[in-house]
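[1] What shape does this take:
(chains A and B)
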Amino acid sequence: MEQSKALVPKRKILFIYMFPSVALFLIFNLIPVVMAIYYSFFNWSGGKTMKFIGITNYIRLLQDGVFGKAIWNNLILAFFCVVFQVGIAFVISSLLCTKMLKCKAFHQFAIFMPVILAPVVVGFLWKIIYNADYGLLNFFLRAIGQEKLIQAWLDNPDIVMKAITIPIVWQWIGMYVVMLVSAMKNISGEIIESAVLDGANGIQRTLYITWPLVLDTVKVSIVLAVSGCMKLFEHIYIITGGGPGNASMVGAMYAYKTSFIKQKFGYGSTISVGIMLTSLTMVMLVNIIFGKGKKRYG
Amino acid sequence: MKKKIAILMSVLLACSPAAAYAEEGLTEAQKETGFTEEVTLDVAMMWSLDSTTDAKSYALNNALERLKEDYPNITINYDGSVHDDYQTIMMTYMASDSLPDVFNVKGSWIPNMVANGQLGTIDEFLEADEEWASGFANNILFDMEYDGHYYGAPFQNLSCSLIVYNKEIYSSVGYDSFPQTWDELIDCFTKLQEAGYVPLGMGNSGQWVANSCVFGALGYRGAGDSWYSDIMNGTGDGFLDANMLQGVEKMAELSQFMNENMNSLDQFEVMPPYLKGEYASYVDGSWTFGTLIATADEDQSMVEKSGVAVFPAFEGGLGAGTTTPGGAAWGQAYNANLTGAKKEAARIFIKYISDEQWCMDLAEKGDFGGMSVDYDYSQTSPLVAEYVALKQTLTDSQQYDCHFDTSVIDAMNVGFQELLLGEITAEEWGRNVQDEYEMTLE
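    As a prediction, this is how the structure comes out:
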């Protein structure tokens, strides 16, 4: 069907409308990416002096154990965030959409509140909670007589990544709850009523009706959780700085340290490109996995 | 001719009151230097102006007041931060080639900044004001020297490795003075641990304290003088040097006596448990006194019970136990792009933030400027007076983390956290740092 020409804006008008957002995207997204790729081919310690070294930085990146560890930590975080952030958010959303839960407004506020906090604030808050001497966690363990569990949570390389995962999961659950609740509210009441008349209980309704109908939103949530974890920086910077040693190092933190502490801006750019490629691969994988799932439910 | 002379005389007569009037509006300093141009300087430094515990903040506020009185024509746009954040801020400025007019420069930054044409030499400042220049001893200027030129005016005289200890607690385990040998130190720490104290506190969350304050001393105790030169010249066994690694092994040995949360506390956070008597001692540098005294606030009893010492030497090491890594480490520097009136204003300001009065203001708060000043430190605190007496018996050794390449320093720092947690051995630490070091040599 041919569209009415009256409804199609003139090219000039279209350009003027789109210009601000396109310009912002170019300035803050595309140009920095292109610049990072450009710098990644140089030995550059900041300032004017730069030396072209071809793909040397990329060869070094492939042999860099710390980068491998940092990306592995990102993947661990992404796994926990998908399982716990999206998983818990789905359970909470299901509860919020039932009649059995009271004080819904309060619950929604309490769950969403951490989302509006700056990651730096959350980092400081949890750093204090984990403090071995005056932290809330050890104080609580002492209060319930579990002194044997008391420890320096952020100084133990075996525990530190798990400790950092908790505030990250805690902060962003609210965002996924909002998305999933909105998706669940869009499910037609007639479908639910039919299921109830057919004798489906709450769990069956959730598994066989709610889950398939909100799967697209779950997929978007997972993509956001994975991409969010791949670029995670602030929490780590505030809570541990990537330490002790490199135990809680993640990709963005490693790129930052390499650039701003080691003064290796060229190699820091290479690490950033490495993170970008890994993130794109992860998001593609998520799309492939859930693309198949969609067909099954389609 | 007579007419011409009469006109000239009239002009001179007319000008003289105006000149006198203009002269009247000038300060003594302006009259002396003749510098009256209106200049605004952008300044970024690692001290906030409103800190109540930082001696440098106190001295800086006084210096700014003095400058305002003497040179009202110089306006300072000040951007203050704290030590660890300041380094990141400066790296960003440096990368984007937008350094402020005057700033603090760390010794290890100088080669890179000079290579990029970003840092001005202060040689001409030193030559122009010999009285000011003569206040800096050679060992203090050493950290600011690169390729035969000086690039920063020292504003402090550091001893980077000191142990502040509670004399009463040490005495309670049979040590009336600080242990003089390594074996005595280990024996003392063992007894302190058995008595329920943390023998040696350290706040290493910034990662540099273990390097500056522990390895700086123990590395030297192991390796002696030549290792530093070998590293700087790319000769010798580098970070696989067996003598130096003895110092790293001793660090690992000490870790069992340190606070379990050493890598999540900063150097200020060890002071409260020390003042509460939970830690028998802690390791830090000479910058600690001002903050310790301010943290203790009205109750100075724990500070008065405190003594100060350095790590003893150990058997097999090449370095003496009567040294501490010391010097200026940092200096007041200016942007190489400054010229004319701005450069002159920078020279004047740099002088105000490194001169004798600056040092006196620091002394008043228990800190030490780049010049030796005649000050009775006992009126600040007996602990500071004890440090001053100790300092006279010590010689400065090189501050490794002030001169080595920044990527090598980071590899050392990260490795020390792992070493102190028992994750790696001294040899593994050496191999990891050597890999990074070899890359810088390439």
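[2] going forward, measure contacts between C-alpha atoms and count neighbours the same way
    Noted.
[3] Give me the three-state assignment for the one residue in the stretch 1-150 of chain A that gets nearest to chain B.
    Checking the stretch 1-150 of chain A residue by residue against chain B with C-alpha to the nearest C-alpha singles out residue A:46 as nearest, at 3.8 Å. Following DSSP: H, G, I helix; E, B strand; the rest coil, residue A:46 is assigned to coil.
[4] residues touching the residue nearest to it when sequence neighbours are not counted, list them.
    Leaving aside its sequence neighbours, residue A:46 sits nearest to residue B:95 (C-alpha to C-alpha, 6 or more residues apart in numbering or on different chains; 3.8 Å). Applying C-alpha atoms under 8 Å, 6 or more residues apart in numbering or on different chains, we find residue B:95 in contact with A:45-47, A:265.
[5] And those residues, which two are furthest apart?
    The widest separation within these, taken as C-alpha to C-alpha, falls between A:47 and A:265 and amounts to 9.7 Å.
[6] Give me the more crowded residue out of those two.
    More neighbours surround residue A:265 than the other of residue A:47 and residue A:265, with 28 against 22 (other C-alpha atoms under 10 Å in any protein chain shown).
[7] Residue A:95 is in contact with residue A:101, correct?
    Yes. Counting by C-alpha atoms under 8 Å, residue A:101 touches residue A:95, with 6.4 Å between them.
[8] So these two - more neighbours on which side?
    Neighbour totals were compared for residue A:101 and residue A:95, and residue A:95 leads with 16 against 10 (other C-alpha under 10 Å).
[9] In three-state terms, label the more buried one for me.
    Taking three-state DSSP, the label given to residue A:95 is helix.
[10] which ones are touching the residue nearest to residue A:259 when sequence neighbours are not counted?
    Leaving aside its sequence neighbours, residue A:259 sits nearest to residue A:265 (C-alpha to C-alpha, 6+ apart; 4.3 Å). Residue A:265 is in contact with A:39, A:43-46, A:258-259, B:95, counting by C-alpha under 8 Å, 6+ apart.
[11] Pipe these into a markdown table and attach distance to residue B:263 per row.
    Rendered in a markdown table, the data for those read as follows (distance: C-alpha to C-alpha, whole Å):
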| residue | distance to residue B:263 |
| --- | --- |
| A:39 | 33 |
| A:43 | 32 |
| A:44 | 31 |
| A:45 | 28 |
| A:46 | 29 |
| A:258 | 20 |
| A:259 | 22 |
| B:95 | 29 |
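[12] Return the member of those nearest to residue A:19.
    Among these, and counting by C-alpha to C-alpha, the member closest to residue A:19 is residue A:39, at 27.6 Å.
[13] The residue nearest to the closest one when sequence neighbours are not counted: neighbouring residues, count only.
    Excluding the flanking residues, the one nearest residue A:39 by C-alpha to C-alpha, 6+ apart is residue A:266, at 5.3 Å. Number of residues near residue A:266 (other C-alpha under 10 Å) recorded here: 27.
[14] ok now do residue A:266, which residues does it touch?
    Counting by C-alpha under 8 Å, 6+ apart, residue A:266 has contacts A:39-45, A:57, A:259.
[15] from these, which two are the most distant?
    Taking every pair in these and measuring C-alpha to C-alpha, the maximum separation is 14.2 Å, between A:41 and A:259.
[16] Neighbour count for the two, which is higher?
    The neighbour comparison of residue A:41 against residue A:259 (other C-alpha under 10 Å) goes to residue A:259, with 25 against 21.
[17] Who are the packing partners of the helix or strand harbouring residue A:184?
    Using DSSP states H and E, residue A:184 sits in helix A:160-185. Packing partners of helix A:160-185 (3 or more C-alpha pairs under 8 Å, 6 or more residues apart in numbering or on different chains; DSSP states H and E): helix A:65-80, helix A:87-96, helix A:104-112, helix A:119-130, helix A:215-230, helix A:234-239.
[18] Point out where the chain drops to low pLDDT.
    Went with chain A since none was named. Judged by pLDDT under 70, chain A has its weakly predicted residues at A:1-6, A:292-298.
[19] wait, I meant chain B there
    For chain B, the ranges with pLDDT under 70 are B:1-24.
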